[in-house]
Every structure is written in structure tokens, then in C-alpha cells.
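Asker: below is the sequence, then the predicted model.
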Amino acid sequence: MTSISVFGIGYVGVVSAACLARDGHRVVAVDIEAARVRTINEGRAPIVENGLPALIERAVADGLLVATLDAEDAVAKTEASLVCVGTPSNPDGSVGLDHVRQVCGIIGRAISRKGSYHSVIIRSTIVPGTMEGTCIPALEEASGLKAGVDFGVGYYPEFLRESTAIEDYDNPGLVVFGALDAPTFALLNALNKDVPCAVHEVDLRTAEMVKYTSNTWRAVKVTFANEIGNIAKACGLDGQLVMRLLCSDDKVAMSPNFMRPGFAFGGSCLPKDVRALQQLARSRDVEAPLLGAVLKANDAQIDRAARMVADTGPQGGTGRHVVGLVGISFKPGTDDLRESPLAELASRLIAGGHDVQVYDPNVATGHANDPEGVGRGNDAVPDLRDRMVPSIDALIEVADTIVVGNSYAEALGPLRDVLHDQPVVDLTRVQPGLVSSGTYQGICW
Ligand SMILES: NC(=O)c1ccc[n+]([C@@H]2O[C@H](COP(=O)([O-])OP(=O)(O)OC[C@H]3O[C@@H](n4cnc5c(N)ncnc54)[C@H](O)[C@@H]3O)[C@@H](O)[C@H]2O)c1
């Protein structure tokens, strides 16, 4: 069992402190509010949370949980500190780091006087780069010691929901953390050894980003459901029933397949159906700003790709620039060009003076089978037939810049061979884990 100090006896800190003590750890809870410290030491819960009063009463009675205002003593008596102080919004919306910065200073000074290894694990919600840019420098400056060497550092975001916080502590949907040093990783793994879900070790920044992504995703889901509910009501329908049915579909509606950063959506259904639902909302005087943002955001992703490609060509619009586009249909496995974002990208590049050549085995087959190609969006790109090249090798040969839009099995080998030899803009990630470097640029990685 470990001895742990918890800084900040708010919603997150008090639940962590009580659950850690319940699980047999020795916990010292630290706050600057004397009333909260007193409440804990009297065996009472300072917040309303299901199941919490009993846990605190028991933990205090067993001597496993004490609260104090004395931060230095808390650090001296424990092996690690969990920092759970608030990070409220600054007036401009940025994350407020005053409490985190202050606690890091206090813990840093206490570590310098402690004389034995101590891990500092931040649980407060902080934007990517805060550990490296704020917390670690504050700890190092205050302690005069080197993070990851003389003391441990970790970031371990909390995902609990108020009202089901203890249940979420015991049965989380996600555990993810990063650390600079092996002892802190070992401690975090030990604390999570019984959780019934996968435990993910990542770098500090990824852990920071996962927390914001999780909360923002929840916010987007609520807003989306509300907009659907508002439109449904205006149509005399039950939006809660509609959303319940939607959520029962794990294969398409709730599938992770549509949650992979990359290029824009398109095809014969999604854009037209988003437009129609927006129009339906407008016709019933229902505001749907989230729906309104969807097509704009999708268009911005096409623009982003077009800018990335243009940046690889001759600057100032002079000189010929051949862009070799791998895939032009709206996704691999089809020859359908209707509202293909790759076709739109090609059109924008052509309009911008680039010479676009295309390799797409399915569109080539579609052209061969149906020379008219009526109704599949063949008019989306000027002179598309003349721009088609017969093989991936031929495309690589003629292209100054390769743009990977769709992934085809036979193209992967040749593309990987040239990834770092000639400009490549990758919209799909031809190889897991690739990141932008040199002549290789991934759209979101
Ligand atoms: N509330 C939630 O449901 C929830 C869930 C997950 C993550 N988070 C994140 O966890 C963090 C804490 O949230 P919260 O809701 O528990 O905050 P809170 O405001 O309820 O509690 C913060 C506590 O920190 C104390 N504090 C401030 N400075 C201190 C210092 N120098 N030393 C010791 N204690 C100090 C405050 O007095 C307060 O008791 C935030 O970053 C929040 O975004 C919150």
C-alpha cells in the first residue's frame, strides 16, 4: 500500500482521497480552505456525492485519511502527490493555471527539503503542453532538482462524473496517463491494477489532449442531441426516441470508424442529407448552429489540404506543378465521385493552376465499364478522363507532389518507398504512426 497526498479537496480530490483510503492507502488530503480540512477530519464529506460520506467516515475512523493545511508535512509523509486543484477559465477562455502553478511551487519546495524520491502527479485538467511548459518548470525551479531524475512527474487525467463519481472511480471507461520516469509509471500502474478496463501509458501531451477531447466530445454529443430534439419537436416527433434508436446502432452510427482524423467526408449521402436537415430546421424556424458548422468545417478541411499541396509547389504561382492524386472517388472501394471531397480538392487545385494527374483503380474500372459514367459525378473534375494514369508507379513518376487521398493495397508499397524522397501530402496515413517531417506532410499528424 502506498502513502499519497492529495492536493485540493474539491470534487475530484475528495473522491480520489476517499477511494484511495478505502483501498488501504494512507492518504493525506491538503487544501487551503480550513473549513474543508476540518470537515474531513471530522469524518464528514465536504461535497454532496453518492456514497462519499460513508467512505470518509470509515477512512478517517481507520486512520487512513487525514486532512491538513500543511503542504510540506503532507509531502514529507507521503511517496507521491496527486494534484487535483481547480483550473477555471480565464476571462479569455484559456485554462487558468494559477492554482496549479502555486501548488507545483509549494510541492517543489517541499520535495527539496524531503531528501527522498517523490512523484508529483497532476490530475487537474490542463491543455497539452502545460506539464512541459508550466508544471515541470515550476517544480524544478522551486525544488532546484531535475524532473524525471531527482523526482517523479506524471499526468493522469480524471474522467469521473459528479453524482456517479465513486462508481466511475471503480469502473472507469478510460484510464490513460503519462510520466517522465519509471517509478511514477509503476505507481500509476499499481493504483490501476484492478480497474476493469485497459490502462494506456502515453506521453504527457497525449494524456493532456485525451482529457480535453473526451470532455469536448461529450459536449458535442449533448449539443447534437439537443439540436435533433429541437428539430424533431418542430416536426411533431419524439427526439429522445430518435436518439435512442440511433444509439442502438453500434455498427454505423456509434462506430469508431468515423472518428479517425483525416480528410473531409463526402459521397452521395452525407453532404446532401446534412443540407436537407439544416433546411428542414430553417423551414420550422429552429436554430441548428452545430449542423450549420458541419459543412463549413468539412469545407475548411478541403481548403486545408489544398493549402498544404500548394505549399509544396513553386511559390508565387510560377512554374508547372504536377500533383499526383492517389484516389478521387469519395472513399476507396467505390468508383462513386458524387460530392467526393477528393474531386473537390482536385477542382480547387486545377483552378489554382496545378496540373492534377489521378490514379484511381475503381474510377478507371468505372470508366471502362460505363463510358458515359452518367450520374456518378464524373463532371466534378474538368477533363478527368485525360488526367487518369494507369498505375501508381506511373503517377509517382510524373508527380512533383503526391497527394494520398484513398488507400489502395497495391499502392502502399510504392508510396512507402518514396515517402521521404519527394513531397507527399497524406490525407489518409499510409502507414500507422507516420508523422509530418521533411517532405512528408500528414493532414492531421
Ligand atoms: N468536477 C469534476 O467533475 C471533474 C472531473 C474531472 C476532472 N476535473 C478537473 O479536476 C480539477 C479539479 O476540479 P474540482 O471540480 O475538483 O475543483 P474544485 O474547485 O471543486 O476543488 C479544487 C480545490 O482545490 C483547492 N486548492 C486551491 N489551491 C490549492 C492549494 N494551493 N493547495 C491545496 N488546495 C488548493 C481549493 O480550495 C478547492 O478545494 C479541475 O482541473 C477540473 O477541470 C473535474
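Answerer: Structure received.
Asker: element containing the closest residue to the ligand within the stretch 151-300 of the chain, please.
Answerer: In the stretch 151-300 of the chain, the residue found nearest to the ligand is E158; the distance is 4.1 Å by Cβ to the nearest ligand atom. Quick note: C-beta positions are derived from backbone N, CA and C, even for glycine. Here E158 is covered by no helix or strand, with elements defined by DSSP states H and E.
Asker: correct me if wrong: it contacts R123.
Answerer: Yes - E158 sits in contact with R123 when judged by Cβ atoms under 8 Å, with a separation of 4.9 Å.
Asker: ok, A182 - contacts?
Answerer: A182 sits next to no residue when contact means Cβ atoms under 8 Å, 6 or more residues apart in numbering.
Asker: from P157, how far out is it?
Answerer: Separation of A182 from P157 (Cβ to Cβ, to the nearest Å): 20 Å.
Asker: equivalent analysis for S94, please.
Answerer: To P157, S94 is 18 Å away according to Cβ to Cβ.
Asker: what residues of the top helix by length along the chain count as buried?
Answerer: Under DSSP state H, the helix in the chain containing the largest number of residues is helix 204-234. For helix 204-234, burial by neighbour count (16 or more other Cβ atoms under 10 Å) applies to 204-211, 214, 225, 227-232.
Asker: G51 and S163 touch, don't they?
Answerer: No - judged on Cβ under 8 Å, G51 makes no contact with S163 at a distance of 10.4 Å.
Asker: those two: which has the busier surroundings?
Answerer: When neighbours are counted by other Cβ atoms under 10 Å, G51 comes out ahead of the other of G51 and S163, with 17 against 11.
Asker: where does this structure dip in pLDDT?
Answerer: For the chain, the stretches flagged by pLDDT under 70 are 316-317, 373-375.
Asker: what about the strands in it?
Answerer: Across the chain, reading from the start of the chain, the strands by DSSP state E fall at 3-7, 26-30, 65-68, 80-83, 119-122, 152-155, 175-179, 199-201, 322-326, 355-359, 401-404, 424-426, 440-442.
Asker: check which helices and strands the last one sits against.
Answerer: Contacts defined by 3 or more Cβ pairs under 8 Å, 6 or more residues apart in numbering; DSSP states H and E place strand 440-442 against strand 424-426.
Asker: contact partners of the strand it packs on?
Answerer: Residues outside strand 424-426 that contact it (Cβ under 8 Å, 6+ apart) are 305, 308-309, 312, 401-404, 415, 418, 434, 439-443.
Asker: which among these end up buried?
Answerer: Using 16+ other Cβ under 10 Å as the threshold, 305, 308-309, 312, 401-404, 415, 434, 439-443 are the buried ones among the contacts of strand 424-426.
Asker: gap between I106 and L237?
Answerer: According to Cβ to Cβ, I106 stands 56 Å off from L237.
Asker: residues of the chain that sit close to the ligand?
Answerer: 7-13, 30-33, 36, 84-87, 99, 102-103, 124-125, 158, 160, 162 (Cβ under 6 Å from any ligand atom).
Asker: the residue of the chain found nearest the ligand: what's it in contact with?
Answerer: The nearest approach of the chain to the ligand comes at G10, 1.7 Å away (Cβ to the nearest ligand atom). With contacts taken as Cβ under 8 Å, 6+ apart, G10 has the following neighbours: I47, C84, V85, G86.
Asker: name the nearest residue to the last one, sequence neighbours excluded.
Answerer: Think G86. Nearest residue to G86 in three dimensions, chain neighbours excluded: H99, at 5.6 Å (Cβ to Cβ, 6 or more residues apart in numbering).
Asker: and what of S391?
Answerer: Residue nearest to S391 in three dimensions, not counting chain neighbours: Y359, with 6.9 Å by Cβ to Cβ, 6+ apart.
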